[in-house]
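Undergrad: Sharing a sequence plus its predicted fold:
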Amino acid sequence: MAVRVVVLYGGDSSEREVSLRTGRGIMNALRAKGYEVIGIDFRPTRECLAQLVQLQADVVYIALHGRYGEDGRLQGLLDLLGIPYVGSGVLASALAMDKVRSKTLARQAGIRVAPDRVIRREELDRVTPEELVRELGLPLVIKPNREGSTVGLTVAQREEEVRPGLEQAARYDDTILVESFVPGVEVTVGVLGDETPVALPVIEIVPRKNFYYDYESKYTPGGSEHIIPARIAPEAERKVREWAVAAYRLLDCQNYARVDFIVPKDGGDPVLLEVNTLPGMTETSLFPDAARAYGLSYPDMVDRLIQLALRKPQG
């Protein structure tokens, strides 16, 4: 009897469209590998929860992004139900989603991160663009603490762009992270596995329209160029691969994740941007490109993730 995989995708977060595309890709790959596949456009409602329980999945593939998918809450529910699932557990998911806390852990572990300032929504009226520019310089990266896919993100190149950027980020989260912009080459490292996680080939990301990797660059076909191997110095490549696995272990990630860095123009150590515990799997996504360079086709990659999920301890 074929293994029954229930794919949860869509949802109602700000990343719904990305999740729909990821879900379709995953379901097609699973069917090609002979799995029994059922998809649920999942929302945190009693009806969806009842449907999930009734389907009696052998394993769940979480193709959701953002809140109620990537932040640990759904993982906790599946742990309580005793249903295996692809991806990291509750703690790792929650920590990676919380940029402030994951940066704090990385900094304490000796992994370089960008200088920053954390601002609560209730503090906004007391924080001035002038003091942020004086403290962190320009450009400034302003983003919600718990969003992905650059949703709500602003790169303020002028002081007058700071206030609108803060207000936009505050629409998505009550905690805003403001960081110094680090000029350099953006790269990403996929990590695959559990007991002995492997860093996949490093990908250099070259946006075609903007000077940073924004939503359009990520999800529009042709919006960015993915260069494998990345055009960075051997020492920088060694460091990002080492730190990617270190960050993965630090957060206690499972099965797979994608770790993003900037390799600075000044030649200093790479700067960790974030850890993505449920990286996108669309036709323009980075993790499938890295897996392909490693020797795994899209269906083989998805099959590997299902097998990892079925083997890992639950709870």
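TA: Arrived safely. Numbers count the residues shown, from 1 in each chain.
Undergrad: Around the residue lying closest to Val302 once chain neighbours are set aside, how many other residues sit close by?
TA: Nearest residue to Val302, sequence neighbours excluded (C-beta to C-beta, 6 or more residues apart in numbering): Ala29, at 4.1 Å. C-betas here are computed from N, CA, C, even on glycine. Residues near Ala29, counting by other C-beta atoms under 10 Å, number 23.
Undergrad: and Ala29, what is it in contact with?
TA: By C-beta atoms under 8 Å, 6 or more residues apart in numbering, Ala29 lies in contact with 298-299, 301-303.
Undergrad: same question, Arg311
TA: Asp194.
Undergrad: Contacts only, for the residue nearest the centre of the chain.
TA: A centroid search over the chain (C-alpha atoms, centre = their mean) returns Asn276, at 2.4 Å, as the residue closest to the centre. Contact analysis of Asn276 by C-beta under 8 Å, 6+ apart lists 96, 148, 257-260.
Undergrad: And the furthest pair within those?
TA: Gly148 and Val259 (13.5 Å; C-beta to C-beta).
Undergrad: about what we covered before: by neighbour count, which of the contacts of Ala29 wins?
TA: Counting by other C-beta under 10 Å, Val302 has the largest number of neighbours within these, with 26 neighbours.
Undergrad: Model confidence score at Val127, please.
TA: pLDDT for Val127: 96.
Undergrad: Was I right to think it contacts Ile119?
TA: Yes. Using C-beta atoms under 8 Å, Val127 is in contact with Ile119, at 5.6 Å.
Undergrad: Same drill for these two, tell me which one is more crowded.
TA: Set Val127 next to Ile119 and count neighbours by other C-beta under 10 Å: Ile119 wins out with 21 against 17.
Undergrad: where's the more buried one, which helix or strand?
TA: Element membership for Ile119, per DSSP states H and E: strand 116-120.
Undergrad: partners of that strand in the sheet?
TA: strand 175-180 (antiparallel) (DSSP bridges).
Undergrad: shared neighbours, Val127 and Ile119?
TA: Between them, Val127 and Ile119 share the contacting residues Leu166, judged by C-beta under 8 Å, 6+ apart.
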